[in-house]
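J.: Sharing a model prediction with you, sequence too.
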Amino acid sequence: MNFLLAAALGVGVLVFAPLVAHLLRRGRTPERVFPPAALVGRLEAHSKERARLEDRTLLSLRAAMVVVLAVLGATPLVQCSRLSVDRPHGASVALALIIDDSHSMRAEVKAGRTRWDEAILGARQLMRSMREGDAVAIVLSGKPARLALSGTTDLKTARAALEELHQTDRSSDLDAALELARSSVKNLQQPDRKLVVLSDLAGSVLAAPDASAPLESLRQPIDDCGLLVARRQNDRLSVSMACSKAASAARGLHVIAAAPIESILSEPARLTRLSLAPRPGTQALSFGLLANAPDFEIELTPGDANAKNDRVHVSSEGAQLNVAVVTDASHASVITGGPTVIEQALLAVRSDASLRPLSMLPDETKELETYAALVLNDPTGLGPETRAALGQWIEHGGVALGLLGPASSNLSLSATLEPFAERGARWEANRVALDVDAASVEWLGQDARSLRALTRGGRMRLDGAGLPGSASAGTWQDGVPFLLRRPLGSGLVLSAGLPASVEYSDFALRPVFLALLEHVVSEAEQRRGPGITLVGEPWIFPADKQVRIEGPLGPLAVSAEGCESDGNPAPNCAPGQQSATPELAGRYTIFSDGGQQTRSARIDDHEISDAPGSAEPSTATAAGAGESGAIDASPELALALLGFFAGELVLRLGSEARRRRRAARALS
């Protein structure tokens, strides 16, 4: 408290003035006529009057008025540590609030208060400093960045939209959020445009000159270790965890289950003695599992600043992504031996996938039910039972990739290439190296450029061999289809005109082969399940399916209005399909056509391991928002003072009326 503020509040000492005035006020001793007094001689006497308080209510009002006057005079001198919008030119402003709703914002920074709570409190303070004529837009920076509120001058609507926001477990996408915020206020008529970032800036440095990050409390390091995923892989339990750089205490794992731990793990003593060093980054652990182990959960102890990532569920259905590979190892292996090129490529794309090499394709659907994706290399044809089983599996969400080669053109009488191609597909021997049109496979990314001089011994001609519903997803330079795409029920069939054998082409050795397998795995995760995806990644469903999803906190909305996720086009989605986006980590049960699947959404490890970022000095104090501002309570205090004056007037009029009535009664 400075001298000016103390002097201004010192005016409140005058509250004793009304008290002194009331004490100095002396009333007259009331006279009473006593008839027998006429018989007694007159004696002059003076009664001693005592100082006494009269009209205590009036005294209280006057004292309150003095206090209000003192506070009113001191108000311009009081500063507070709340956020307010800077107005260097005094004009109306267009404010874009960028609020981080990623998982790292769940960390506690104060007792019972998380970073998210602090960010919302700061946003409310900024909203209170907005005036009529100002415009507000709200952007959420959880991946993908979303526009929660378009720029509007309706401050009441903006405040209501702010209160409807909720925390998620998404990863962060600050750069995209900044671009979205700029575009949201770009065309507004307010001359002064400001971007205010309320985020911990995890893993990044804010260097945008037009943005400010005023809340330093959000960027304090925290002690946090969290469980990312726990999955069954045959007879092993694999656990992934991550720790922040500020983690200091050692952790241990604790099994939570209705059954004894001895009926779950083959080495229970190892888990009870486990002490995990708080090493920054990601750690992988493995334990032996007993057969038919029941459902259970794993908890990380002791707790830390973020309790929301300390427990993960391990399901009996398994959370891993099972991929079946059917190939002849003698034609799909490299010279050095070891796994086939398909298996090596799949592990390079998704190291968490569980690969199951098969010598032949099963001819019963139930044998395929545990797989989400299937890669079939140069099949010699499929029999009726195998075709029926494979077709039913695909219709229920399976994704199959057929790599067709010379063996696929030598079909027996009862065998066909369905569901990959018609019998008319044939192998064309050609010693001239052929190129694939890179523009036709741009959807595979920049790796599509690696398709020059691809063949070595020939290619499979798929022109005229596509089954009903097939569409070309890539072509050779001469226009012959190289890759066919065919939706089938809830699943997908991809047919390529080259096998994985290095004897006939370099296809399996090019980066585009990895991109194709990654596409297959992504499609399988979205369509089939069970599988694990990052929070915020959309799940795609066919348009003609009735889909209901139950998540950690209840039903998950399914958008039936096309391929949109949070207002943005969802990847790998065809027009007319449905999508749903999990916003919280955990297990989700999907009910569709009388059946059900289990999928999981997990936290991005960077949300735990990345340290809070920083803002460059020119950015942290940019002309967007300040951490202090003057308290303007003069309107409220003036109204209170006016009320006290009115109350005094009413009391004085009432007191005068009562005095006159007493005088009239005395005369009568």
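T.: Received the coordinates, thanks.
J.: Now do the strands in the stretch 251-400 of the chain.
T.: Listed in chain order, the strands found in the stretch 251-400 of the chain under DSSP state E, counting those that start in this stretch are 252-256, 281-288, 296-301, 311-314, 322-326, 354-358, 373-377, 399-403.
J.: can I get these in TSV with mean neighbour count and mean pLDDT?
T.: Quick note: C-beta positions are derived from backbone N, CA and C, even for glycine. Listed next are the strands of the stretch 251-400 of the chain as TSV, based on neighbours: other C-beta atoms under 10 Å; pLDDT from 0 to 100:
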stretch	mean neighbour count	mean pLDDT
strand 252-256	16	90
strand 281-288	15	89
strand 296-301	17	91
strand 311-314	21	89
strand 322-326	23	88
strand 354-358	16	83
strand 373-377	26	92
strand 399-403	27	92
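J.: Please report how far Cys461 lies from Arg124.
T.: Check again: residue 461 is Arg, not Cys. To Arg124, Arg461 is 66 Å away according to C-beta to C-beta, to the nearest Å.
J.: ok so, going back, what about the strands of the stretch 251-400 of the chain, which gets the closest to Leu69?
T.: Closest of the strands of the stretch 251-400 of the chain to Leu69 is strand 311-314, at 58.0 Å (criterion: C-beta to C-beta).
J.: Can you give the strand pairings for the closest one, parallel or anti for each?
T.: Counting by DSSP bridges, the strands paired with strand 311-314 are strand 296-301 (antiparallel).
J.: what comes into contact with the partner strand?
T.: With C-beta atoms under 8 Å, 6 or more residues apart in numbering as the contact definition, strand 296-301 has outside contacts at 225-227, 230, 239, 241, 251-257, 259, 264, 309-314.
J.: On the secondary structure side, give me the element for Glu518.
T.: In the assignment (DSSP states H and E), Glu518 maps to helix 511-527.
J.: one step back: make JSON lines out of the strands of the stretch 251-400 of the chain and add distance to Arg659.
T.: Below are the strands of the stretch 251-400 of the chain laid out as JSON lines (distance: least, C-beta to C-beta, whole Å):
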{"stretch": "strand 252-256", "distance to Arg659": "80"}
{"stretch": "strand 281-288", "distance to Arg659": "86"}
{"stretch": "strand 296-301", "distance to Arg659": "78"}
{"stretch": "strand 311-314", "distance to Arg659": "77"}
{"stretch": "strand 322-326", "distance to Arg659": "97"}
{"stretch": "strand 354-358", "distance to Arg659": "97"}
{"stretch": "strand 373-377", "distance to Arg659": "98"}
{"stretch": "strand 399-403", "distance to Arg659": "97"}
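J.: Out of the ones you listed, flag the one nearest Arg661.
T.: strand 311-314 (77.3 Å).
J.: Only the buried residues of the helix or strand harbouring Leu149, if you could.
T.: Counting by DSSP H and E, the element that carries Leu149 is strand 146-152. For strand 146-152, the neighbour count (16 or more other C-beta atoms under 10 Å) marks 146-149, 151-152 as buried.
J.: Report the angle between the following helix or strand past that strand and strand 146-152.
T.: Counting by DSSP H and E, the next helix or strand C-terminal to strand 146-152 is helix 155-163. For helix 155-163 against strand 146-152, the angle between stretch directions is 170 degrees (axes from the mean of the first three to the mean of the last three C-alpha atoms, to 10 degrees).
J.: helices or strands up against helix 155-163?
T.: Secondary-structure packing of helix 155-163 (3 or more C-beta pairs under 8 Å, 6 or more residues apart in numbering; DSSP states H and E): helix 115-128, strand 135-140, strand 146-152.
J.: which one of these lies closest to Ser199?
T.: helix 115-128 (7.2 Å).
J.: just how off-centre is the closest one within its chain?
T.: Centroid separation for helix 115-128 versus its chain: 17 Å, with C-alpha atoms, centre = their mean, to the nearest Å.
J.: Can you tell me what sits against it?
T.: Taking C-beta under 8 Å, 6+ apart as the rule, helix 115-128 contacts 82-85, 95, 97, 99-101, 104-110, 136, 138, 155, 158-159, 162, 165, 167, 196, 198-200, 214-215, 217-218, 625.
J.: if we can go back for a sec, among the strands of the stretch 251-400 of the chain, single out whichever gets nearest to Leu434.
T.: Of the strands of the stretch 251-400 of the chain, nearest to Leu434 by C-beta to C-beta is strand 399-403, at 16.3 Å.
J.: Now do the closest one and strand 322-326, the angle between them.
T.: 20 degrees.
J.: Any chance you could give me strand 399-403 in CSV, C-alpha atoms only?
T.: In CSV, the C-alpha atoms belonging to strand 399-403 read as follows (Å, rounded to 0.1, in the frame of the first residue of the first chain):
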residue,chain,number,x,y,z
VAL,A,399,-9.0,-54.0,-44.2
ALA,A,400,-7.2,-56.2,-46.7
LEU,A,401,-4.3,-55.4,-49.0
GLY,A,402,-3.6,-57.8,-51.9
LEU,A,403,-0.2,-57.6,-53.5
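J.: could you say what helices and strands the helix or strand following it packs with?
T.: Per DSSP H and E, the first helix or strand lying C-terminal to strand 399-403 is strand 426-429. Packing partners of strand 426-429 (3+ C-beta pairs under 8 Å, 6+ apart): strand 458-461.
J.: Would you give the sheet partners of the strand it packs on, along with the direction of each?
T.: Counting by DSSP bridges, strand 458-461 is paired with strand 426-429 (antiparallel).
J.: May I have the strand it pairs with as PDB, with CA atoms only?
T.: The C-alpha trace of strand 426-429 is given here as PDB (Å, rounded to 0.1, in the frame of the first residue of the first chain):
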ATOM      1  CA  ARG A 426      -3.100 -61.100 -65.800                       C
ATOM      2  CA  TRP A 427       0.600 -60.800 -65.400                       C
ATOM      3  CA  GLU A 428       2.400 -58.900 -68.100                       C
ATOM      4  CA  ALA A 429       6.100 -59.700 -68.400                       C
END
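J.: Buried residues, that strand. List them.
T.: Here strand 426-429 shows Trp427 as buried, counting by 16+ other C-beta under 10 Å.
J.: Now do it: everything it contacts.
T.: By C-beta under 8 Å, 6+ apart, strand 426-429 touches 405-406, 408-409, 457-461, 465.
J.: Just the buried ones from those residues?
T.: Neighbour counting by 16+ other C-beta under 10 Å classes 405-406, 408-409, 458-461, 465 among these as buried.
J.: Closest to Ala438 out of these?
T.: For those, the nearest to Ala438 is Arg459 (16.4 Å; C-beta to C-beta).
J.: Contacts only, for that closest one.
T.: Arg459 touches 427-428, 430, 434, 476, 480, 482, 497-498, 505, counting by C-beta under 8 Å, 6+ apart.
J.: same thing but at 10 Å, please
T.: Residues near Arg459 by C-beta atoms under 10 Å, 6 or more residues apart in numbering: 404-406, 427-430, 434, 436, 476, 480, 482, 496-499, 504-505, 507.
J.: Buried only: go through these for me.
T.: 404-406, 427, 434, 436, 476, 480, 482, 496-499, 504-505, 507.
J.: quick one: which two of those residues are the most distant?
T.: Farthest apart among those by C-beta to C-beta are Pro406 and Val436. That separation is 18.5 Å.
J.: circling back to that earlier point, figure out which of the strands of the stretch 251-400 of the chain is closest to Leu206.
T.: It is, among the strands of the stretch 251-400 of the chain and with distance given as C-beta to C-beta, strand 281-288, at 23.4 Å.
J.: Quick one: name whatever helix or strand follows the helix-or-strand element of the chain with minimal mean pLDDT.
T.: Lowest on mean pLDDT, DSSP states H and E among the helices and strands of the chain sits strand 629-630, with a mean of 48. Note on strand 629-630: by DSSP H and E, the next helix or strand toward the C-terminus is helix 634-667.
J.: List the buried residues of that following helix.
T.: 640-641, 644, 647-648, 651.
J.: about what we covered before: please name whichever of the helices and strands packed on helix 155-163 is nearest to Thr272.
T.: Between Thr272 and the helices and strands packed on helix 155-163, the shortest gap by C-beta to C-beta is with helix 115-128, which sits at 33.8 Å.
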